[in-house]
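1. Sequence and predicted structure, then a few things I'm wondering about:
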Amino acid sequence: MARKKQAAKKPVTEASSSDDEEEVDSQTPGAKPIDSDEDASSSDGSEDEEVDDDEEYDSEAVDEDGEDDEDEASVEVSDEYDDDSDEFEEQGSSDDEEDRLQRQHDLDESDEDVEILDDIGVVDAPRSWPKAAAAAGSKRGGDGKKVDAAMPNEDVNDPAVAAWMHTDNLSSDDEDDSGTMNRIGRIPLHWYDEYDHIGYDGHGKKVIKDKNSSAGKDLLDQVIDAADNNEASGGKFTVYDALNARDVTLTPRQIELIRRLQSGAFAHPEHDANPDYIDYFSGVDPMKSGLNSDRYEKKSRFQPSKWEKLQVRRLLHRLKCGSINMDYLEGKVRDMNDLVKRGDGQDSDKPFQLWKGDEEDELALRKGPQHMPAPKVPPPGHAFSYNPPEEYIPTEEELKEWEEMDPSDRPYGYFIPKKFDNLRSVGAYEHAVKERFERCLDLYLCPRAMKRRLNIDPESLVPQLPKASDLRPFPTTKCIEYCVPGKHDETVVVRCLSVSPDGQFLVSGDEAGFVRLWEVQTGRLLKSWDLNSFIDEDEGASGDTKKPVAAIEWNPNRSHHCLLAAIGKCAIVISTGTGRVDDAEVTDALLSAASSCKGGGNIPPDSRAAKAVKWSSLRKKQESDKTAISAYGDKSGPVALLQTNRDVSSVRWHRKGDYFVTVSPKAGAAAVLIHQLSKVASQQPFGKMKGEAQLACFHPQKPFLFVASKEHVRVYHLVKQVMVKRLMSGCRHISSLDVHTSGDHLVVGSLDRRLVWFDMDLANTPYKTLKYHERALRSVGFHPRYPLMASASDDGSIHVFHSMVYSDLMRNPLIVPVKVLRGHSPVNSLGALSMVFHPTQPWLFSCGADGRIHLFQDL
């Protein structure tokens, strides 16, 4: 037993670091590795069961002659087995060869006294792998495979050995075929300290902790338990599996693998670290053996080449520049120089330009630093001729003046024109070197800058506009002139015009305070009213002083045959008497309250408008003239009068014909007043006016009020009583204002010759600013039906534009000038003072300071 224990304390295997002396232990090819369960079963069996001599697990050294040692030995794992690395012999250690041989000899002598252990499942395995194939000569057959001359009948690449090498290379799923092991993954194990299980298996069941395991014991108890377990289990080595909370007994092969890993050797004893070299190229057959023939294609083989992309870009660039053509790309021409015909001599006699004028542009296209050509010397003129004309030869007085002047200020510099009989008489120029030197200094010292010439056709800068003939109809020709009567053939300045909604009548207001009603088709004067006779004497209308009619406008409602006229501080409502049966009744109903108003109208006395405006009836003053123009009209003439604190400069109707607005620029907060004719009421919308109001008008569709000051146009919401938008015109003094029938566009005229177009949906800045008149603009307006716009100016001309407004918000308005109408001559710096379009026809009425009223039609 002493020898038994002494042999048990020996290492499990002893191997040399040399490849020639290393012994490789293996099991039989068909055997399975021994796991912990099999060890447990073997430990329960008979302890006296003997194993076959050929199946003993031993680690013997190989003899020097290369033959296998046939001795048999059995090794018992001692109870005193320890993990310390000193108890194992490290493979490749530095022990002397004599010490190794001595230890091997001791083992051989003690074989007779070694007690045979129980069967622990060790299977057949060859004691060593044959090494003769490496030393013996080898050659290849006709198929290129290597043939061993010493062992012709032995298969070198044994598949059973290869299967044995992969026995331990099992995945986590292969180790647990039954699915009873823990499957919780990378969850901290201390989470299960308070539970009786350690996790869950593959079937979802709890993995119960083993109470008999070494978990929870100190190191001393673990050593004692390990010693007891080794005696009880027949010398098996037990470790603790923390994941499954149980003790696992290691097999001898597992112990051998651990030992080899600790010693730095390959884990599998069957692994051949130094295989025979295989010559993949044969001298008999020079063809390749097919190395890397079964490898996958590289990823770069399936992606587009960046280099080819760069080459294609370069070729496209050269093709675009013209340095190559398609014949070169298709391979028809190898060199582009072959396409250039040289040496033919066909064009050698033709004249060509030495200086084309585009040399600077060609130099700018070159690569590299920009070339700055020197300025060219101007070519010599007639004064530099040897026989110049007499007018170029200076006199003595001019020569004295040139001598006092600096050479740079002289007409020809240092040169003085002289006359010679012939060219041979001309001598050397005395200042040639000096002038060349100064030019060199200028080229060297004076900085130069490249000025690129713009080779642009002026016609290309003009926008492509449609022809005026394609935009008809629009007024083109003066057809009718309305003659305004005056005293002693004096010229009466006509200041304003307005047309009835049906287009049959025209009304005008002049400088003398008369409102005249005209028939459009015949030009006949139907009625005249002197408004100065209806205003009070304190207005200054008595005597020779007459107030002019500042503004006049016909009611836009077809059923209301009345108009408004502004004169002095008053706004007068006039019944025209041009309505039919139904229209006459509606008009009388509208004017009934105004014709019989008393006490200043229906204005609350505590309101702001009570101090700013006063209504009064003119029924008594018009008793002398009751003649109506129409047979169905009740009466015609002034009906009511509105008196304000300041002069009224503008009146505008609402589209429904009941409300109207008056503007008194000097009235301050009461400058803008809104009135209702049917109720004889007035109101002051603003408590404080920003700026001096010049004009005001209603929005054609929405409850908006446009108020224009000298520089801005403000848009107010009458219902919400807030300012919606402020339009910045950029003008110094706004003189006229009109809104498009859609309500989204606004046109403004100013005294500084500007016509400004606003797009309400676009911005609060002008969409277009036109400046084409020579003098101030007096009137602008849109046609109510046709896409036409016109402007009248003090230069006596009227410009007509085609102004198409699209319903598509993505298209900008089309503004095209189509005609310039001339028919008024300026008088005292005043020209065409007003213009208005016919409501149904593409006609235009205009009046001016020359006292004429014209009708332009589309002929």
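-> Great, that's in hand. Numbers count the residues shown, from 1 in each chain.

2. buried sites along stretch 676-690?
-> Judged by neighbour count using 16 or more other C-beta atoms under 10 Å, the buried positions of stretch 676-690 are 676-677, 680-686, 689. Heads up, the C-betas are built off the backbone N, CA and C, glycines and all.

3. Straight-line length of it, end to end?
-> Across its full length, stretch 676-690 reaches 24 Å between end residues, using C-alpha to C-alpha, to the nearest Å.

4. Now do that stretch: everything it contacts.
-> Contacting residues not belonging to stretch 676-690 are listed as 573, 590-591, 593-594, 597, 601-603, 607-609, 612-613, 615, 640, 642, 658-660, 668-675, 705, 709, 714, 716, 718, 721 [C-beta atoms under 8 Å, 6 or more residues apart in numbering].

5. For the stretch 501-650 of the chain, which segments count as strands?
-> 505-510, 514-519, 525-530, 549-554, 562-567, 570-575, 613-617, 637-644, 650-653 (DSSP state E, counting those that start in this stretch).

6. ah, wrong one, I meant the stretch 351-500 of the chain
-> Counting by DSSP E, counting those that start in this stretch, the stretch 351-500 of the chain has strands at residues 477-483, 494-499.

7. Let me know which of these is tucked in deepest.
-> For the strands of the stretch 351-500 of the chain, the largest average neighbour count (mean count of other C-beta atoms under 10 Å) is found in strand 494-499, namely a mean of 23.

8. Using CSV, list the CA coordinates for it.
-> In CSV, the C-alpha atoms belonging to strand 494-499 read as follows (Å, rounded to 0.1, in the frame of the first residue of the first chain):
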residue,chain,number,x,y,z
VAL,A,494,-61.9,119.4,-65.0
ARG,A,495,-60.7,117.7,-61.8
CYS,A,496,-62.7,114.5,-61.4
LEU,A,497,-64.9,112.0,-63.4
SER,A,498,-67.3,109.1,-62.6
VAL,A,499,-69.5,106.8,-64.7
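
9. by contact count, what packs against that strand?
-> strand 505-510, strand 549-554, strand 832-837, strand 844-848, strand 852-857 (3 or more C-beta pairs under 8 Å, 6 or more residues apart in numbering; DSSP states H and E).

10. Which one, of these, ends up nearest to residue 418?
-> Distances from residue 418 to each of the helices and strands packed on strand 494-499 were compared by C-beta to C-beta, and the smallest falls on strand 832-837, at 64.7 Å.

11. Give me the distance from that closest one to the chain's centre.
-> Relative to the centre of its chain, strand 832-837 is centred 48 Å away, using C-alpha atoms, centre = their mean, to the nearest Å.

12. so what strands line up beside it?
-> Within its sheet, strand 832-837 is paired with strand 844-848 (antiparallel), according to DSSP bridges.

13. Now do the strand it pairs with against strand 514-519, angle only.
-> Relative orientation of strand 844-848 versus strand 514-519 (axes from the mean of the first three to the mean of the last three C-alpha atoms, to 10 degrees): 150 degrees.

14. Identify the residues contacting strand 844-848?
-> The set of residues external to strand 844-848 that reach it, using C-beta under 8 Å, 6+ apart, is 475, 493-497, 499, 506, 508, 790, 792, 796, 798, 800, 821, 823-825, 827, 830-838, 853-856.

15. Emit the ChimeraX select command for whichever of those residues are buried.
-> With 16+ other C-beta under 10 Å as the criterion, this ChimeraX line picks the buried residues out of those:
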select :475,493,494,495,496,497,499,506,508,790,792,796,798,800,821,823,824,830,831,832,833,834,835,836,837,838,853,854,855,856
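
16. how about the strands of the stretch 501-650 of the chain in JSON lines, adding mean pLDDT and distance to residue 319?
-> Conversion of those to JSON lines gives the following (pLDDT from 0 to 100; distance: least, C-beta to C-beta, whole Å):
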{"stretch": "strand 505-510", "mean pLDDT": "94", "distance to residue 319": "70"}
{"stretch": "strand 514-519", "mean pLDDT": "94", "distance to residue 319": "74"}
{"stretch": "strand 525-530", "mean pLDDT": "90", "distance to residue 319": "79"}
{"stretch": "strand 549-554", "mean pLDDT": "95", "distance to residue 319": "69"}
{"stretch": "strand 562-567", "mean pLDDT": "94", "distance to residue 319": "74"}
{"stretch": "strand 570-575", "mean pLDDT": "93", "distance to residue 319": "77"}
{"stretch": "strand 613-617", "mean pLDDT": "90", "distance to residue 319": "80"}
{"stretch": "strand 637-644", "mean pLDDT": "91", "distance to residue 319": "79"}
{"stretch": "strand 650-653", "mean pLDDT": "95", "distance to residue 319": "66"}
